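Novice: Dropping a prediction and its sequence here:
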Amino acid sequence: MKKPFFLLIPFLLLMALVLASIWNVLTQSLGYIPAFGLREPTFGYYARVLKDPGFLSSVLVSLKISVWSAMISTVLGVLLSMALIQCGKQRGGHGFAVPVPHAVAAVFMIQIFSQTGLLARLAFALGLLEEPTAFPQLLFTPSYGGTILAYIWKEAPFVAYFVLAFMGGIRSSLGEAAENLGASPVKSFFQITLPLSVPVISRAFLIIFIFAFGGYELPLLLGSTLPRALSVETYLAYTRPDLLDRPLAMAMNGVMLLLSIVMTVLYSVVMDRVSRKIGGIQ
């Protein structure tokens, strides 16, 4: 009888660490850091952050990265799942979901897609470009195309891995029943398997969205100097030599945390209504 409680210990320890970290961020964002001589809580740091035009630009950059990364990754992941299901591989898709560190993904993108990378040199060798520098600049630009492309490369297989087993279960039951009644495999997928998988797909989208919104490595390594992503701006503020600016960085973290919670709640409410409308299961 005690075994379930012992199995919960790692989870409880992890949650305690997360809650302690959040508490530390919130207290320091209010300017309460006794070690630095700051003992008077104030919302002044939040006011400074919200009045800064550069902070708004950083929020918009992070939203752009997270929306495009999550949307395209989800679409490609679902299409990959569809292809695997049609090939009868609905329970063997774990082979393409190999975890890759984000720093490694950044190096991969630089080696392949930079103007001195493999594709540029190959196009030059084939006579498609007059010089390698004529290759489209995808990295280190304010559009953050390289960052988005790196997230897509990493997260599309994650979406497929996340939803494949669920889709496979629907395909092997309701999907096959529909095909026995005369529906084509494609029609069965889009009218039965896909609608019933919306709750799972929406969760995969949300995971990627929140992760990319707060992601640090790829925007730092593949993004432009200005405007910077919110996570990069926060880190740079945290590492300033003046320790009295530490509450300002924590206020940025507090705003990022609040935005993540608000977007998660709004997205969950919207997807819950969509799932109920199309007959999805929760």
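Specialist: Perfect, thanks for sending it. Numbering: from 1, shown residues only.

Novice: From now on I want contacts and neighbour counts done on CA atoms only, so please keep to that.
Specialist: OK.

Novice: Now residue 142: closest residue in space that isn't a chain neighbour?
Specialist: Nearest residue to residue 142, sequence neighbours excluded (C-alpha to C-alpha, 6 or more residues apart in numbering): residue 224, at 5.3 Å.

Novice: so which helix or strand takes in the one you found?
Specialist: Per DSSP states H and E, residue 224 falls between elements, in no helix or strand.

Novice: Now do stretch 196-210, average pLDDT.
Specialist: In this model, stretch 196-210 has a mean pLDDT of 89.

Novice: what's the spacing between that stretch and its chain's center?
Specialist: Averaging C-alpha positions (C-alpha atoms, centre = their mean, to the nearest Å) puts stretch 196-210 11 Å from its chain's average.

Novice: How about stretch 196-212?
Specialist: That offset, for stretch 196-212, works out to 9 Å (C-alpha atoms, centre = their mean).

Novice: Stretch 248-261 too?
Specialist: 17 Å.

Novice: Show me the contact partners of that stretch.
Specialist: For stretch 248-261, contacts defined as C-alpha atoms under 8 Å, 6 or more residues apart in numbering pick out 25-26, 28-30, 45-46, 48-49, 210, 213-214, 230, 234-235, 237-238.

Novice: Could you rerun that using 6 Å?
Specialist: 25, 29, 45, 46, 234, 237, 238 (C-alpha atoms under 6 Å, 6 or more residues apart in numbering).

Novice: can you dump the C-alpha coordinates of it into CSV?
Specialist: The C-alpha coordinates for stretch 248-261 follow below in CSV (Å, rounded to 0.1, in the frame of the first residue of the first chain):
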residue,chain,number,x,y,z
LEU,A,248,14.6,44.1,-12.9
ALA,A,249,15.6,40.8,-14.5
MET,A,250,13.3,39.0,-12.1
ALA,A,251,10.4,41.3,-13.0
MET,A,252,11.0,40.3,-16.6
ASN,A,253,10.8,36.7,-15.5
GLY,A,254,7.7,37.4,-13.6
VAL,A,255,6.0,39.0,-16.6
MET,A,256,7.1,36.1,-18.8
LEU,A,257,5.6,33.6,-16.2
LEU,A,258,2.4,35.6,-16.1
LEU,A,259,2.1,35.7,-19.9
SER,A,260,2.7,32.0,-20.1
ILE,A,261,0.0,31.2,-17.6
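
Novice: how close does residue 8 get to residue 17?
Specialist: Computed as C-alpha to C-alpha, to the nearest Å, the residue 8 to residue 17 distance reads 14 Å.

Novice: How many residues are close by the residue lying closest to residue 171 once chain neighbours are set aside?
Specialist: Using C-alpha to C-alpha, 6+ apart and skipping residues adjacent in sequence, the residue nearest residue 171 is residue 193, 6.1 Å away. By the measure other C-alpha atoms under 10 Å, the count of residues near residue 193 is 23.

Novice: Would you indicate which residues of the helix or strand containing residue 153 are buried?
Specialist: For residue 153, the host element (DSSP H and E) is helix 145-170. The neighbour-count check on helix 145-170 (16 or more other C-alpha atoms under 10 Å) flags 145-168, 170 as buried.
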